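Engineer: One predicted model, sequence on top.
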Amino acid sequence: MIIYGSPPSPFVRKVSVVIEQLALSEQFQFECPKAHPTQINQDYYDLVPLGKIPALKLDSGQFIHDSLVICDYLNEYAQGSLIAKGMLERAAMLTRHSIASGATDAAVSLRYESAVRPEALQWSPWIDALWHKILSAIKWFENNIPQSSDLMQLDNITLACLLGYLDFRFAERDWRGNAPKLTRWFEKVDQLNVMLSTSSNS
């Protein structure tokens with residue numbers, strides 16, 4: 001099977017962490033397509049209609065898109081327990097995942113706004129609104145701190161990848177200032193082997 005993606009992407013990292021946590025690493029190879037928000041790689045679009053990463057190509061040739069869909073497939077494939085089974089437990093986990101994933105979307109958009117859009121065209125209110133979304137999610141997780149630090153739940157994996165991405169791309173911004181409990185949680189999980197091996201700094 002093939003994962004298409006770029007290691008710095010927090011969504012690609014999420015899938016990479018899931019692969020390692022499910023002990024599937026030997027079954028995958030990674031390919032890095034040219035994926036850029038304003039430079040169209042038509043060869044990749046022919047495979048993945050939205051041109052987004054990550055994407056998973058199965059041995060059958062079928063493509064699976066979107067990090068959540070990929071992680072859900074891999075969890076079922078490996079008969080894992082990264083996603084809760086019970087109706088209420090699954091809904092609660094996926095709600096936590098959606099908050100972390102939505103904040104990650106905002107962080108990636110903020111990266112594009114600051115690193116891709118020409119400075120003369122950047123819009124300060126939009127930048128402020130994106131950062132507000134991120135801080136709102138941080139505040140929510142500070143008040144709803146993860147109950148474990150082994151990264152064996154998809155919502156926690158997604159949260160860890162978000163915080164790692166903030167450190168990687170926005171080290172000058174202070175997401176920790178009003179989140180001491182979340183800071184301590186992340187400092188612990190960030191030293192797990194699976195986080196160290198998937199870090200863009202590794």
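Structural biologist: Good, I have the coordinates. Just so we're clear, the structure is a prediction, and the values are computed from it rather than from any experiment. Numbers count the residues shown, from 1 in each chain.

Engineer: Please make it C-alpha for all contacts and neighbour counts, starting now.
Structural biologist: Will do.

Engineer: Identify the residues contacting L110.
Structural biologist: Counting by C-alpha atoms under 8 Å, 6 or more residues apart in numbering, L110 touches 127, 130-131.

Engineer: gap between it and I64?
Structural biologist: As judged by C-alpha to C-alpha, to the nearest Å, L110 and I64 stand 26 Å apart.

Engineer: Quick check: pLDDT value at the residue of the chain most remote from its centre.
Structural biologist: Most distant from the centre of the chain: A120, at 29.4 Å, with distances by C-alpha atoms, centre = their mean. You'll see A120 listed with a pLDDT of 87.

Engineer: quick one: it from D128, how far?
Structural biologist: In terms of C-alpha to C-alpha, A120 sits 16 Å off from D128.

Engineer: for A107, same thing?
Structural biologist: For A107, the distance to D128 (C-alpha to C-alpha) stands at 11 Å.

Engineer: and what of D59?
Structural biologist: Using C-alpha to C-alpha, D59 is found at 43 Å from D128.

Engineer: before we move on, what about G5?
Structural biologist: Going from G5 to D128 by C-alpha to C-alpha gives 28 Å.

Engineer: what's the single longest helix in the chain?
Structural biologist: Longest helix in the chain, counting residues (DSSP state H): helix 87-115.

Engineer: Strands of this structure, start to end?
Structural biologist: Taking DSSP state E as the test, the strands found in the chain are 2-4, 29-31, 55-57, 63-65.

Engineer: Make JSON lines from those and add mean neighbour count and mean pLDDT to it.
Structural biologist: Formatted as JSON lines, these follow (neighbours: other C-alpha atoms under 10 Å; pLDDT from 0 to 100):
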{"stretch": "strand 2-4", "mean neighbour count": "20", "mean pLDDT": "97"}
{"stretch": "strand 29-31", "mean neighbour count": "13", "mean pLDDT": "95"}
{"stretch": "strand 55-57", "mean neighbour count": "22", "mean pLDDT": "98"}
{"stretch": "strand 63-65", "mean neighbour count": "17", "mean pLDDT": "97"}
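
Engineer: hmm, back to that, what about G5 and D128, which has more around it?
Structural biologist: Taking neighbours as other C-alpha atoms under 10 Å, G5 and D128 compare with G5 leading, 23 against 12.

Engineer: distance of the more buried one from H97?
Structural biologist: Note on G5: its distance to H97, by C-alpha to C-alpha, is 20 Å.

Engineer: Kindly report the same for R173.
Structural biologist: Distance, R173 to H97, using C-alpha to C-alpha: 23 Å.
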